[in-house]
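> Sequence first, then the predicted structure, then my questions.
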Amino acid sequence: MTDILILTHADFCPPGHLATVLDREQRDFTVLRTDLGELDGYDLDRPKAVAIMGGPMSVNDPLPWIGAEIAALQHFIARDVPMIGHCLGGQLLARALGASVHRMPYTEIGWQPLEKRTLASESPWLEHLPREFSIYQWHSDTFDLPEGAQWLMDSPWCPNQGFSWGNKVLALQGHPEMTEDLVRGWLTDWAHLLDETQASQQPRTRMLDDLPTKVATLNQVAEGFYRRWLNLAFG
């Protein structure tokens with residue numbers, strides 16, 4: 001058991017670049033598959049930092065482990081533990097904070113342009129970012145903003161791209177953790193879900209074009225989030 005907990009929900013949604021950052025910082029971490037019941041019996045008072053990754057399911061699916069994970073997140077919120085949620089993880093945080101999660105009329109996929117909200121430009125979560133930047137997206141659900149949250153950024157296809165709550169919670173709709181292998185794997189294994197007639201989805205060729213450069217830029221976006229998350233937990 002370690003001081004850093006990462007919650008995952010599918011084998012193809014691993015920590016990705018977050019694990020690379022933690023390895024580079026020589027910080028041990030624990031990865032649990034909550035969909036497999038691995039959170040059962042875990043000491044919720046142990047972690048000092050928690051990350052919640054993505055997954056193909058919806059927060060609204062009638063799966064017993066979803067309620068258990070939301071209850072765990074509420075326990076971490078009460079403990080004031082620094083947390084960062086990625087896609088499904090962000091939606092789970094929104095639900096834990098009392099907000100609704102709902103289906104969009106389309107699926108947002110690809111390297112989508114995001115923009116800082118004017119009122120959030122001074123947020124410490126965003127200080128490493130320009131006004132406009134890109135994050136890789138793959139989602140059909142989106143969250144509403146919890147009461148008391150600060151709306152951080154939006155995109156043309158999904159306004160609620162991220163929020164902070166209090167000083168230590170960051171919920172993201174996108175996937176800053178992506179690596180080249182993850183992008184290529186998703187576009188291979190889940191190609192049947194792509195529909196280039198939807199304007200909200202980039203063509204596969206565009207998603208793969210100059211992929212190393214796109215991922216390297218995304219790594220910098222992610223690392224700013226992860227630095228603040230770690231500094232809140234460990235100073």
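Now that the structure is in, tell me what you want to look at.
> and Pro47, that's in a strand?
No: Pro47 is assigned coil when assessed by DSSP: H, G, I helix; E, B strand; the rest coil, not a strand.
> contacting residues for the residue lying closest to it once chain neighbours are set aside?
Leaving aside its sequence neighbours, Pro47 sits nearest to Leu5 (C-beta to C-beta, 6 or more residues apart in numbering; 3.9 Å). To be clear about C-beta, it is placed using only N, CA and C from the backbone, and glycine gets the same treatment. Applying C-beta atoms under 8 Å, 6 or more residues apart in numbering, we find Leu5 in contact with 29-30, 32, 42, 46-47, 49-51.
> Residue nearest the middle of the protein, spatially speaking?
Centroid check for the chain by C-alpha atoms, centre = their mean gives His86 as the closest residue, at 0.8 Å.
> how much space between that residue and Gly166?
Counting by C-beta to C-beta, to the nearest Å, the gap from His86 to Gly166 is 19 Å.
> can you check Arg27 too?
In terms of C-beta to C-beta, Arg27 sits 23 Å off from Gly166.
> Then Pro212?
Distance of Pro212 to Gly166, given as C-beta to C-beta: 37 Å.
> Compare those two (neighbour count), which wins?
Gly166 (13 against 8; other C-beta atoms under 10 Å).
> Need phi/psi at Val101.
When read as degrees, to the nearest 10, the backbone of Val101 gives phi -130, psi 130.
> Bridge partners for it, pull those for me.
Each beta-bridge partner of Val101 is listed here: Phe143, as defined by DSSP bridges.
> ok, it - how many residues close by?
Counted by other C-beta under 10 Å, the residues lying close to Val101 total 17.
> Go ahead and confirm it touches Phe143.
Yes: the criterion here is C-beta atoms under 8 Å, and Val101 meets it with Phe143 at 5.0 Å.
> Glu69 is in contact with Gly37, correct?
No: the pair Gly37 / Glu69 is not scored as a contact, 10.6 Å apart, by C-beta under 8 Å.
> neighbour count winner among those two?
Shown here are Gly37 and Glu69; by other C-beta under 10 Å, Glu69 has more neighbours (24 against 12).
> How much space separates that one from Pro82?
Taking C-beta to C-beta as the measure, Glu69 falls 17 Å from Pro82.
> Over to Pro15?
Look at Pro15 and Pro82: by C-beta to C-beta, they are 16 Å apart.
> For these two, indicate the residue with more neighbours.
Pro82 (23 against 20).
> what sits against that one?
So Pro82 contacts 48-50, 168-169, 229-230, 232-233 (C-beta under 8 Å, 6+ apart).
> Please render those residues as JSON lines that adds secondary structure and pLDDT to the earlier fields.
Below are these laid out as JSON lines (DSSP: H, G, I helix; E, B strand; the rest coil; pLDDT from 0 to 100):
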{"residue": "Lys48", "secondary structure": "coil", "pLDDT": "98"}
{"residue": "Ala49", "secondary structure": "strand", "pLDDT": "98"}
{"residue": "Val50", "secondary structure": "strand", "pLDDT": "98"}
{"residue": "Lys168", "secondary structure": "coil", "pLDDT": "98"}
{"residue": "Val169", "secondary structure": "strand", "pLDDT": "98"}
{"residue": "Trp229", "secondary structure": "helix", "pLDDT": "98"}
{"residue": "Leu230", "secondary structure": "helix", "pLDDT": "98"}
{"residue": "Leu232", "secondary structure": "helix", "pLDDT": "98"}
{"residue": "Ala233", "secondary structure": "helix", "pLDDT": "98"}
